[in-house]
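Participant: this one's sequence-less:
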């Protein structure tokens, strides 16, 4: 009849298990996003430029000038 006096049995044991499970859930939930997934959401400079032009934030002259500069910097003529 000494089982209730032990630190690891009774409600004390269940409280420790509750906190351990809670910590495991929290750290399991906060997993980092893999780098390849983050890269899928990153826009390239030409896509940003096209989006800004379509939204009317820049003029046609600015669009053509910046597009030529980006293509020159990238070294590949993209349409």
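Facilitator: Sure, I can see it. All values derive from a computational prediction rather than experimental measurement.

Participant: Return, as residue ranges, the portions of the chain with sub-threshold pLDDT.
Facilitator: 1-11, 33-41, 76-79 (pLDDT under 70).

Participant: What residue spans form the domains of it?
Facilitator: The record's domain split for the chain, according to automatic domain parsing, is 3-31, 41-74.

Participant: which one of the ones you listed is the most hemmed in?
Facilitator: Compared across these, domain 41-74 shows the largest average neighbour count, a mean of 12 (mean count of other Cβ atoms under 10 Å). In short, each C-beta sits where N, CA and C put it, glycine included.

Participant: Show the contacting residues for residue 58.
Facilitator: 49, 52, 66 (Cβ atoms under 8 Å, 6 or more residues apart in numbering).

Participant: any idea where the helices of this protein begin and end?
Facilitator: With DSSP state H as the criterion, the chain has helices at 11-29, 35-40, 45-55, 60-74.

Participant: measure residue 16 to residue 27 for me?
Facilitator: 17 Å (Cβ to Cβ, to the nearest Å).

Participant: cool, and residue 60?
Facilitator: According to Cβ to Cβ, residue 60 stands 52 Å off from residue 27.

Participant: Same check on residue 62?
Facilitator: Distance, residue 62 to residue 27, by Cβ to Cβ: 48 Å.

Participant: Same question for residue 65.
Facilitator: 50 Å.

Participant: just residue 59 next, same as before
Facilitator: Applying Cβ to Cβ to residue 59 and residue 27 gives a distance of 51 Å.
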